[in-house]
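J.: structure, please.
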Amino acid sequence: MKHSYQIFLSILGILLLCTPSVSGQAVVYDEQKEKQWKSMENGPWDFSPAWYYFFLHNSYSGAEKYWKWSGFKSGFHIRFKENKSDVKRIMPTRVTSEETQNQKMKKAESERTYIEELYQEEVTRSADRNVDLAYSSFKDDFNRMQESISDGLLFCMKKSKGKMKFQVEQLTKENEVLCADIAYIHKTGVGYELENTKREKAYIDMKKRMETLVSRTAHLVGMAQAYY
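T.: Below you'll find the model as predicted:
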C-alpha cells in the first residue's frame, strides 16, 4: 500500500512538471491558479488538482475525502471545506480599490456639501449684516429719552441763568458720546457688517446708559428748581 502511494505521488509530480512551455507573449489560461486565487479572494472554496491538495496541502485547502455513489462511477472524491483550513481569505485588490474609491467619493461629496452649507450660511449672514433690523425696536425709546434729556438740560440752563453750565456740559458730552455709539452700531455697509443679534445686544446696553442719563438729568432739574 505504501509503495502504491509513492508511485501515485511520483506520477502526479511528473504530470505537474511536464506541462508544455509556451511563449511569454501567449495568453495562458491556468484553471488551477484561477481556482486558488478565487478561493483566497472571494470565489468558491475550490482547488485543483483535488488529490494533489488533499495529500500535499490539506492544512490550508481543508480537503476531505468522501464516498460518492454514482453507479459504475461510484468512488472516492475530494471536496474542500473552508472551515477546516488554517488560512483566511483576503480581500481582493480590485474590491479594496473600489471601496477606497467609494470612500473618496463619499468624502468629496461630504466636503462639497459642507462647503455649500458654509457658503449659504455666509450669504445669509452677509444679508443680515447689511440691514439693521434691530434698530426699529429701540428707535422710539431713544427719541423719547433724547427729548427728555434735551428739554431737561435746557431748563437747567434757563432756570440757573447759566450757573449750572458745568453740570449741563458734562451731561451733554456724555450724551453725545452715547449718541455717536448708537449711530456707529446703526450704520451699515462695507466695514460696518454686524449681525442683528449683536446689534440688538448693543442697543440694550445703550438703552440702559441712556436711561441713566435721563435719571441724572431729572436729578439736575430738581436741583435747578430747588436752588434757583
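J.: give me phi/psi at residue 77?
T.: The phi and psi torsions at residue 77 (degrees, to the nearest 10) take the values phi -130, psi 170.
J.: helix/strand/coil for residue 54?
T.: Using DSSP: H, G, I helix; E, B strand; the rest coil, the three-state assignment for residue 54 comes out as helix.
J.: check residue 189 too.
T.: For residue 189, the assignment made with three-state DSSP gives coil.
J.: equivalent analysis for the one 3 residues further on, please.
T.: Here residue 192 is coil, with the state taken from three-state DSSP.
J.: ok now do it, which residues does it touch?
T.: By C-beta atoms under 8 Å, 6 or more residues apart in numbering, the residues touching residue 192 are residue 184. Yep, even glycine has a C-beta here, placed from its N, CA and C like the rest.
J.: next one: phi and psi at it?
T.: In this entry, residue 192 is assigned phi and psi values of phi -130, psi 30 (degrees, to the nearest 10).
J.: pLDDT score for it?
T.: According to the predicted model, the pLDDT of residue 192 comes to 75.
J.: just residue 149 next, same as before
T.: Turning to residue 149, the model gives it a pLDDT of 95.
J.: am I right that it is in contact with residue 174?
T.: No: at 9.8 Å, residue 149 and residue 174 do not qualify as touching, with contact defined as C-beta atoms under 8 Å.
J.: name the SS class of the residue nearest to residue 165 when sequence neighbours are not counted, please.
T.: Setting aside the residues directly before and after it, residue 165 is nearest to residue 157 in space (C-beta to C-beta, 6 or more residues apart in numbering), at 6.9 Å. Judged by three-state DSSP, the three-state class of residue 157 is helix.
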